[in-house]
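Colleague: Quick one: sequence and predicted model below, then my questions.
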Amino acid sequence: MMRNPREVLDYLRILVDRYIPREDQPLAHGLLRRLYTDDLLDEDLVRLSAPHPDGIVPFQRAKETPTPVQLSPHFSLVELTRTSTGLLNVPGPSQVEAMSRLCRAVLEPWRDVVGALKINSGFRSPAVNAAVGGSRDSQHLRGEAVDVVPVGMGLELAWIQLARLTNLLPVDQAIAYVRPPGRGWIHVSSRAVAPRRQLLVQLADGKTYSPWATFPGPLVLSEI
Ligand SMILES: [Zn+2]
């Protein structure tokens with residue numbers, strides 16, 4: 001029988017030490033992260049209990065945000081709201097719901113086939129969307145779209161797999177952006193109403209779109 005939180009924590013530490021963390025053990029990962037957060041809390045407690053020479057306890061910023069909010073097993077809210085613009089990018093409840101739907105219904109099944117996907121852009125606040133030159137009614141504004149790059153597979157193959165899955169998944173619109181290797185990306189969206197299952201390819205000119213069904217290729221430009 002454990003009597004205090006300290007003992008419970010020590011017990012959990014022993015448990016975690018015996019785990020060999022693997023990707024399919026989100027529980028172990030969550031636990032490790034939680035223990036790290038607990039360590040930070042411990043440090044704070046020590047700081048608070050020791051009287052500061054000036055009688056003031058200095059404010060310390062948390063070193064790391066606590067356990068990330070997961071939208072689905074492999075995609076977190078942090079990943080889908082990150083922005084390099086430095087602008088505020090905070091989604092509301094309906095946008096979080098839309099992101100979660102996209103992750104669960106489209107990204108996870110696609111990831112099962114193609115492996116890890118790096119999110120380049122997910123939800124965008126109006127300010128972020130304007131800063132990155134997004135269209136005025138972009139689905140990114142509603143949390144319905146992401147721009148992704150496959151990590152362990154070529155863009156072309158990952159796109160072909162997505163196109164194959166589109167009949168089975170509620171893909172609203174998917175667009176392949178044709179660029180030299182390593183520079184292209186895939187935009188994919190899902191929405192609450194009936195999906196359009198529209199597959200397009202944006203050509204290297206950055207303006208012209210071709211339906212995937214009639215696109216002559218190639219999807220990735222060779223580097224000359
Ligand atoms: Zn996009």
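Modeller: Received the coordinates, thanks. Numbering: from 1, shown residues only.

Colleague: And what about the residue nearest to the spatial centre of the chain, helix, strand or coil?
Modeller: With distances taken as CA atoms, centre = their mean, Glu79 lies nearest the centre of the chain, 3.2 Å away. Secondary structure, DSSP: H, G, I helix; E, B strand; the rest coil: Glu79 is helix.

Colleague: That one reaches Gly122, doesn't it?
Modeller: Yes: when contacts are counted by CB atoms under 8 Å, Glu79 is listed as touching Gly122 (6.8 Å). In short, each C-beta sits where N, CA and C put it, glycine included.

Colleague: Need the per-residue pLDDT for the residue nearest to the centre of the chain.
Modeller: As predicted, Glu79 sits at a pLDDT of 96.

Colleague: which residues does the residue nearest to Cys103 when sequence neighbours are not counted bridge with?
Modeller: In space, and not counting its chain neighbours, Cys103 is closest to Ser72: 3.7 Å by CB to CB, 6 or more residues apart in numbering. Going by DSSP bridges, Ser72 is paired in beta bridges with Phe75.

Colleague: Sketch out the helices for this structure, chain order is fine.
Modeller: Ranges of helices within the chain are 5-18, 26-49, 77-81, 93-102, 108-114, 126-131, 155-165, based on DSSP state H.

Colleague: Where among those helices is average confidence lowest?
Modeller: In terms of average pLDDT, helix 26-49 trails the rest of the helices of the chain, at a mean of 62.

Colleague: Find the closest residue to the ion in the chain.
Modeller: When scored by CB to the ion, the chain has His187 as its residue closest to the ion, at 3.4 Å.

Colleague: Can you get me a residue count around that residue?
Modeller: 20 (other CB atoms under 10 Å).

Colleague: so it makes contact with Asp172?
Modeller: No: His187 is not in contact with Asp172 according to CB under 8 Å; the separation is 10.7 Å.

Colleague: What is the neighbour count of Ala163?
Modeller: 16.

Colleague: Could you report the separation of it from Gly92?
Modeller: For Ala163, the distance to Gly92 equals 32 Å [CB to CB, to the nearest Å].

Colleague: picking up where we left off before, give the closest residue to the residue nearest to the centre of the chain in space, chain neighbours not counted.
Modeller: Nearest one to Glu79, counting by CB to CB, 6+ apart, is Ile119 at 4.7 Å.

Colleague: try Leu168
Modeller: Pro109 (7.7 Å).

Colleague: thinking again about what came up before, return the set of residues that bridge with the residue of the chain closest to the ion.
Modeller: On the basis of DSSP bridges, His187 is bridged to Asp147, Ile175.

Colleague: dump the residue contacts of it.
Modeller: The contact partners of His187, by CB atoms under 8 Å, 6 or more residues apart in numbering, come to Ala145, Val146, Asp147, Gln173, Ala174, Ile175, Tyr177.

Colleague: Now with 7 Å, please.
Modeller: Ala145, Asp147, Ala174, Ile175 (CB atoms under 7 Å, 6 or more residues apart in numbering).
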